[in-house]
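Q: I'll drop the sequence and a predicted model, then ask my questions.
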Amino acid sequence: MRALKFAGAAIAVVLVIVALLAAIGIPSGFLISAITEQVERETGYKLAINGGARIGLWPTVTLTLRDVALHDPREQEINNRFTASSIQADMTLSSLWSGKPDISDLVIVRPVVNLPLQRERIRDNNPPAKSSASRDASAITIRHVSVTGGTIVFSNVRDRVENRTETLNADVTVGADRKIIVAGNARANDRPLKFEIRATAPAPPLERQNVPTEINIDAPGLLPGAIKANAEVRLNGTVVMFNGVSGTLGDGGFTGWASVDFASSKPLVKLDLDFQRITLATTPSQPDASAQPSWSNASIDLNGLNYVDAQARISVAEFMIDDGRFAPAAIDATVNSGVLKGRLSNLGAYEGNANGDLTIDASTTNPAYTLQLDLNGVRALPVLKSIAEFDRLDGRMQARISLRSQGNSERAIVANLGGTAFAVFQDGKILGLNVAQMIRNLTAGTLSGWQESEAQSTDLSQLSASFKIDKGQAVTTDLNLVGPLVKMTGVGTIDLNTRQIGFRVEPQLVMTTEGQGRAGNPVGFGIPVMIEGPWVGPRIYPEIQGILDNPDAAYAKLKEMGKGLFGPNGQGLGQSLGGLTNLLNGAQGGGTPAQPGSSAAGQPNLPNGQLGDTIGGLLQQGLSTLNQGNAARGSQGSSQGRSLTQPAPSAPTADQAAPPAPANPAPADTAEQHDNPAMNEVLRQLFNR
């Protein structure tokens, strides 16, 4: 009896101990060494369980590992390939005794996966040895995996490159019928990412067997649209192949194939995809209308080109970027050792076509770029609007562009830009600008800005120019504009970096409604016109120095202008010469127009520096003589209509009496083709001729 009592007490103590251990868990430090040795033997990686291990027996067997770290002993740059705050596995006791654990739940909390980025593809000829047990997928069964707060880090310590995908949450379910569902979300480059993968796994082993897979990815800001695709996934050694790919990107379908070779830490990607439609919508920031636009100093990150090699061919039946439509489009591209080479073949663009080659060398800290582009018959307005936000020129455009540059930002790339460009615009118009009217207005004062008006435009038959570009400075010596009512040639420089222009142009106007097909040549302005300042609103003014440098040529030009701009008999000379006087006064620093009688009737005294006042006095004398001559001829002439090209006479000022209006305009006879005496007198005094 006494022995029975001792046996009952011993059993009671054992039951209490078992109950306590089942409730609080068995300290299983003795298991740590066994677990770490098994992991290293099977994978070649070393496992550290810094927070200890614990086994719970109720209600199921639960193994909990805390502060876990896994690292590759051969890796020198990254200490830990994998870390986790905790890993918990729930399994049945019977499966544990059988040697084939059946894990019902595997919970991984705050895991961090470090994936090294390599510049060179070096195949690992000595992979970690794997036992037959590791290849037997039936040795362990996992039915559900939960990951919370995960992070994937892509990094290269030597290059100081790091790219993170954070707040990764995933849920993996494996059904009894081998159907696998993976769903989750994360943030990549601070943008949301959602994914769902459905697959049906065949009986093991998986290698060289097709796995029907459905992939759904939604990444606003990273992809132009949600991806829904079906493929036959096949594992062939280190290569994962996606055969028979078909699906949709946004509202357009696509087909093709792809593969990824993981033989080294630098993957090799190959793909061939054919899209029905790709639509991109840009959302540029709204700049301050009062501020001068400038290039961004933000860094452009192209380091990713160094850590993946690729061979790709992408064709698109219809490619849309905002309002731009490209159909069809075909791009062949390769990435090798940080150098991207892309070829664009017969791109249907803006009612024309384009061909080009682009090379980006990101293998150095200062990336280099080269571009060869040919445009043929494209619409200029949408092209310039999308590329340079310039919406004032339309027509058919042909262009040949050869550019090179280097830099890590927009500003650096533009500042280092070099090469050549040639462009021809035909059968179009300059929108919002009336060039002929602008040139006529120059006789009254300096213009500030382009004098834009939505109701105006300038038809052009052809506008052409070739540029040599160096350090962001585009220089042309053959600017040529031909239109029905205006011709213009010129030279100048466009500073692409500061968005400034400086041009010296020689305009010619056609002063009749007959256009350029009339007899004779267009009338030259006589004085070169300067266009200087920011290209959104430059100053436009006559180069007065041109008169002083070559007075003989200016004399002849102004006489010709007198017949064209001011009418055969100079009736419109008053307003234009008065404006020229204002310009001359401003050029000499006086800043105020010359007043009548401000100079003597004799010859001007140029050395005294009063050039503006002297010319103003001479012009007033000439106008007085001219008006008297017109009045005398008007009383004798017959009644005739005024020429269409004759401008209206200017209104008299407060201190200047209006000249008497002629009774009748001068008759259009052969005598009108000779020089006007009054005009000759003004020009003689002006140029001392």
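A: Arrived safely, thanks for sending. Keep in mind it's a predicted model, so treat the numbers as computed, not measured.

Q: wait, what's in contact with residue 410?
A: Listed by Cβ atoms under 8 Å, 6 or more residues apart in numbering, the contact set of residue 410 reads 295-298, 300. Glycine gets a C-beta too; all of them are placed from N, C-alpha and C.

Q: Against residue 529, how distant is it?
A: Counting by Cβ to Cβ, to the nearest Å, the gap from residue 410 to residue 529 is 32 Å.

Q: Over to residue 319?
A: Residue 319 is 42 Å from residue 529, by Cβ to Cβ.

Q: Likewise for residue 326?
A: 39 Å.

Q: got JSON lines for the contacts of residue 410, with secondary structure, neighbour count and pLDDT too?
A: What follows is the contacts of residue 410, written out as JSON lines (DSSP: H, G, I helix; E, B strand; the rest coil; neighbours: other Cβ atoms under 10 Å; pLDDT from 0 to 100):
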{"residue": "295", "secondary structure": "coil", "neighbour count": "17", "pLDDT": "83"}
{"residue": "296", "secondary structure": "coil", "neighbour count": "10", "pLDDT": "87"}
{"residue": "297", "secondary structure": "coil", "neighbour count": "10", "pLDDT": "90"}
{"residue": "298", "secondary structure": "coil", "neighbour count": "10", "pLDDT": "90"}
{"residue": "300", "secondary structure": "coil", "neighbour count": "13", "pLDDT": "90"}
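
Q: what's the closest of those to residue 178?
A: When the contacts of residue 410 are compared for distance to residue 178 (Cβ to Cβ), residue 300 comes out closest, at 45.7 Å.

Q: The closest one touches residue 411, doesn't it?
A: No. If you go by Cβ atoms under 8 Å, residue 300 and residue 411 don't touch, sitting 10.6 Å apart.

Q: Let me see the contact set for residue 215.
A: Neighbour list for residue 215: 195-197, 227-231, 247 [criterion: Cβ under 8 Å, 6+ apart].

Q: By neighbours, which of those wins?
A: Ranked by the number of neighbours (other Cβ atoms under 10 Å), these place residue 231 first, at 22 neighbours.

Q: Tell me the pLDDT of that residue.
A: Looking at residue 231, its pLDDT stands at 96.

Q: Strands of the stretch 351-500 of the chain, residue ranges please.
A: Under the criterion DSSP state E, counting those that start in this stretch, strands of the stretch 351-500 of the chain are mapped to 352-361, 368-379, 393-406, 418-431, 447-448, 457-470, 473-482, 486-495, 500-509.

Q: what packs against the first one?
A: Here strand 352-361 touches strand 339-349, strand 368-379, going by 3 or more Cβ pairs under 8 Å, 6 or more residues apart in numbering; DSSP states H and E.

Q: who wins for proximity to residue 315 among the strands of the stretch 351-500 of the chain?
A: strand 352-361 (14.9 Å).

Q: quick one: average confidence on the closest one?
A: 93.

Q: How about stretch 325-336?
A: The pLDDT scores in stretch 325-336 average 89.

Q: what do you get for stretch 259-270?
A: pLDDT averaged over stretch 259-270 gives 90.

Q: And the contacts of it?
A: Against stretch 259-270 from outside (Cβ under 8 Å, 6+ apart): 115-124, 237-242, 258, 271, 307-312.

Q: Contacts only, for the nearest residue to residue 73 once chain neighbours are set aside.
A: Distances taken as Cβ to Cβ, 6 or more residues apart in numbering place residue 46 nearest to residue 73, at 5.8 Å, with adjacent residues excluded. By Cβ under 8 Å, 6+ apart, the contact set of residue 46 is 36, 39-40, 70-73.

Q: Can you check the distance spanned by stretch 46-66, start to finish?
A: 16 Å (Cα to Cα, to the nearest Å).

Q: tell me which residues of it are tucked away?
A: 46-47, 49, 53-56, 61-66 (16 or more other Cβ atoms under 10 Å).

Q: pull the CA atoms of the helix or strand where residue 182 lies into PDB?
A: Residue 182 is part of strand 179-188, with elements assigned from DSSP states H and E. In PDB, the C-alpha atoms belonging to strand 179-188 read as follows (Å, rounded to 0.1, in the frame of the first residue of the first chain):
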ATOM      1  CA  LYS A 179      -3.200  24.600 -55.200                       C
ATOM      2  CA  ILE A 180      -1.000  27.500 -54.000                       C
ATOM      3  CA  ILE A 181      -2.300  31.000 -53.400                       C
ATOM      4  CA  VAL A 182       0.100  33.800 -52.500                       C
ATOM      5  CA  ALA A 183      -1.400  37.200 -51.700                       C
ATOM      6  CA  GLY A 184       0.100  40.300 -50.200                       C
ATOM      7  CA  ASN A 185       1.100  43.900 -50.300                       C
ATOM      8  CA  ALA A 186       4.200  46.100 -49.800                       C
ATOM      9  CA  ARG A 187       5.700  49.500 -50.600                       C
ATOM     10  CA  ALA A 188       8.300  49.700 -53.400                       C
END
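
Q: what's the angle from whatever helix or strand comes next after it to strand 179-188?
A: Next helix or strand after strand 179-188 toward the C-terminus (DSSP H and E): strand 191-200. Between strand 191-200 and strand 179-188, the angle comes out at 170 degrees (axes from the mean of the first three to the mean of the last three Cα atoms, to 10 degrees).

Q: average pLDDT for the helix or strand following strand 191-200?
A: The first helix or strand that comes after strand 191-200 along the chain, using DSSP H and E, is strand 210-218. The average of the pLDDT scores along strand 210-218 is 95.

Q: With stretch 461-472 instead?
A: Per-residue scores along stretch 461-472 average to 93.

Q: can you list contacts of it?
A: So stretch 461-472 is in contact with 393, 395, 403, 414-428, 474-476, 478-484, 494-497, going by Cβ under 8 Å, 6+ apart.

Q: Show me what the residue nearest to residue 416 when sequence neighbours are not counted bridges to in the sheet.
A: Spatial nearest neighbour of residue 416, chain neighbours left out: residue 405 (4.7 Å); criterion: Cβ to Cβ, 6+ apart. Beta-bridge partners recorded for residue 405 (DSSP bridges): residue 369.

Q: Just the pLDDT for residue 405.
A: 96.
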